[in-house]
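Visitor: structure of the sequence below:
(one chain, ligands or ions: 1)
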Amino acid sequence: MAFENILVSTQGRVGLITLNRPKALNALCDALVAELGTALDAFEADAAIGAIVITGSEKAFAAGADIKEMKDRGFIDVYAKDFITVGWERVAACRKPVIAAVAGFALGGGCEMAMMCDFIIAAETAKFGQPEITLGIIPGAGGTQRLTRAIGKAKAMDLVLTGRMMDAAEAERAGLVSRVVPAEKLLEEAMAAAEKIAAMSLPIAMMAKESVNRAFESTLAEGIRFERRLFHASFATEDQKEGMAAFVDKRKPAFKNR
Ligand SMILES: CC(C)=CC(=O)SCCNC(=O)CCNC(=O)[C@H](O)C(C)(C)COP(=O)(O)OP(=O)(O)OC[C@H]1O[C@@H](n2cnc3c(N)ncnc32)[C@H](O)[C@@H]1OP(=O)(O)O
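Guide: Next up is the predicted model:
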């Protein structure tokens, strides 16, 4: 499949999507977001893919939604077409595990897109922020919600109200990113993490992802009940038998994704 704004490849059981609008610091124009959705659809449909990595360039994961494209839009344009919901939420709706590998700027929609992934691995060069307030808008792709859940009210308010950027070390301390690695190791680390996940049972990884995500949408009691149902369901899979048999036999499991 040929795309204009992204590069798509596979390495073993990992699907890799590289945002590729270098002149615009990977600003997320409508075409890019649509291509990203198409690529994710293809990876979700491909039984050989067990995990996905989304990355950008050395300079930018993504500098946000495309300001030049949206600057003349009015209320009716964005409301009637449900700007942001349509297309963007595809990343959050992905059922397979998705890792964001972030170097350079991850601002506005770029930060929001990274947060739609399951976790973020950041290069030391990464800079995160929600500068929408400086443009006369508020975050619209989940920034006020996902960022607040990730790093708490105080720091989320600081970033959203001042529009300032936070570097990788601060983002790790705040809990936004799972780990920080040297820039030259970013893709290697993200691909290695994705390969590790892809070697697990896919349905079980999907259940684990669904269950962790439920923590953001339910009370503790509801979340625990949800987890318990999926935990019980995992015993209905062949992979549970294989995983436990492999442990007892002191060998590596050969999961069949069933
Ligand atoms: C999701 C929703 C609803 C909203 C949003 O995401 S709003 C956008 C939030 N993001 C921002 O406000 C960041 C905007 N960009 C910047 O502040 C700067 O570009 C920078 C700090 C990230 C980098 O500054 P630097 O001086 O290194 O580079 P520039 O010369 O400013 O940029 C290079 C090139 O890229 C174009 N660019 C950058 N960001 C965007 C963007 N978000 N949309 C469209 N185009 C963008 C920039 O205009 C320049 O291109 P030209 O030289 O051709 O103008």
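Visitor: now the strands: where do they sit in this structure?
Guide: Assigned strands in the chain, in chain order: 6-11, 14-19, 51-55, 60-62, 98-102, 105-107, 119-123, 127-129, 165-167, 179-181 (criterion: DSSP state E).
Visitor: out of those strands, which gets nearest to the ligand?
Guide: Each of those has some distance to the ligand by Cβ to the nearest ligand atom; the shortest is strand 105-107, at 4.2 Å. C-beta coordinates here come from the backbone N, C-alpha and C atoms, glycine included.
Visitor: show me what that closest one is in contact with.
Guide: Contact with strand 105-107 is made by 25, 56, 59-64, 100, 113-114, 126-131, 165, as judged by Cβ atoms under 8 Å, 6 or more residues apart in numbering.
Visitor: could you list the paired strands of that strand along with their orientation?
Guide: Here strand 105-107 has these sheet partners by DSSP bridges: strand 60-62 (parallel), strand 127-129 (parallel).
Visitor: pick the most deeply packed of the ones you listed.
Guide: strand 60-62 (a mean of 28; mean count of other Cβ atoms under 10 Å).
Visitor: now for residue 181: which residues touch it?
Guide: Shown in contact with residue 181 (Cβ under 8 Å, 6+ apart): 121-124, 189.
Visitor: let's see that with 6 Å instead.
Guide: residue 189 (Cβ atoms under 6 Å, 6 or more residues apart in numbering).
Visitor: any idea of the pLDDT on residue 1?
Guide: With respect to pLDDT, residue 1 scores 71.
Visitor: going forward can the numbers begin at 13, since that is how I track them
Guide: Taking 13 as the first residue, the last one we looked at is residue 13.
Visitor: that one: how many residues sit nearby?
Guide: 8 (other Cβ atoms under 10 Å).
Visitor: nearest spatial neighbour of the spatially most central residue of the chain, skipping sequence neighbours?
Guide: Centroid check for the chain by Cα atoms, centre = their mean gives residue 129 as the closest residue, at 1.3 Å. Leaving aside its chain neighbours, residue 129 sits nearest to residue 112 (3.9 Å; criterion: Cβ to Cβ, 6 or more residues apart in numbering).
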